[in-house]
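**Student:** sequence first, then the predicted structure:
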Amino acid sequence: MTFDALLARAAQRLQRAGSPTPRLDAEVLLAHVIERERTWLFTWGDGECPTWQRARFEALVASRAEGRPVAYLTGEREFWGLALETSPHTLIPRPDTETLVAVALEKAPGGQGRMLDMGTGTGAIALAFASERPTWQVTGMDIKPEAVDLATRNATRLGITNARFQQSDWFAALESAATPLRFELIVSNPPYIAESDPHLAEGDVRFEPASALVAAADGMADLAHLVASARCHLVPGGWLALEHGHTQAASVRAALTAAGYDAVATRDDLGGNERVTLGQYVGA
């Protein structure tokens, strides 16, 4: 069977299974199996697919038809132009989160400084920022040791040397340090989905760790904790930037304002949804 015929059949199966991007899913999975770029399939699609590769591809398609995320099946996801290793222990990096990276870069136009990424997961945000600001020192923290190991591997694979990763329950590791660091910039994409949200039963999130998705208080608990605690770890004039759900921007703005942050504002993602809210710590 040719690659083109395999792709057509797989795309039909994935469409019936409810994938929102059946053809793209099929192309990514086949390119992964044959260890080629997707563009190779556009040129050489009329070639015959070896039997053993066909069997492996069809097994991956069957898993995708069951709803398993493509990023977990291939073990990789691109974010900010970086090829990141993924794991079921961490959230899959999403394009919406690139808005948070863009905001962070805007608040760090050059020079030197320290940036902290809380709940780093794959290290996506920290590594994207570090790749663009090589003179900054970047720290990523996560409560899961598996995430710390994964982010460290990603940094090594990408050759990014100005980022390090550490296990911590939010700011606990900083608070226990003999000489706590302060940062010019703290960012986070924390859990912000309410436990009752029906979307948790749909799509890729069914297979992602609930601890990276769900927060108490209708999804606001971790956002509120970050707003309250980050002030102790920012230099005067430093910035806190938080990703949140598209209906939570007003609540996050109110929390930042009540906590004494200045220049509070919200930025939209590429879909036009309110996605990132930031504020400047003016000091005690």
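**Tutor:** Nice, I can see it.
**Student:** and the next helix or strand past the helix or strand containing residue 254?
**Tutor:** For residue 254, the element it lies in under DSSP states H and E is helix 249-258. Going down the chain from helix 249-258, the next helix or strand is strand 262-268, by DSSP H and E.
**Student:** hmm, back to that, mind listing residues that contact the helix holding residue 254?
**Tutor:** 220, 223-224, 227, 240, 242, 244, 264-266, 274-275, 277-279 (Cβ atoms under 8 Å, 6 or more residues apart in numbering). No exception for glycine: its C-beta is placed from N, CA and C like everyone else's.
**Student:** same question, stretch 157-168
**Tutor:** Here stretch 157-168 makes contact (Cβ under 8 Å, 6+ apart) with 82-83, 85, 120, 123, 126-127, 130-131, 133-145, 148, 151-152, 155, 173-174.
**Student:** from those residues, list just the buried residues.
**Tutor:** The neighbour count (16 or more other Cβ atoms under 10 Å) marks 82, 85, 120, 123, 126-127, 130-131, 133, 136-142, 144, 148, 151-152, 155, 174 as buried among those.
**Student:** tell me which of those residues fall in helices.
**Tutor:** Judged by DSSP state H, the buried ones among the contacts of stretch 157-168 include 126-127, 130-131, 148, 151-152, 155, 174 as members of helices.
**Student:** farthest-separated two in those?
**Tutor:** 131 and 174 (23.8 Å; Cβ to Cβ).
**Student:** part of a helix, is residue 242?
**Tutor:** No. Using DSSP: H, G, I helix; E, B strand; the rest coil, the secondary structure at residue 242 is strand, not a helix.
**Student:** list the buried ones in stretch 106-122?
**Tutor:** 107-108, 113-122.
**Student:** just the residues you listed now: which is nearest residue 214?
**Tutor:** Residue 214 has its nearest neighbour among those in residue 119, at 12.8 Å by Cβ to Cβ.
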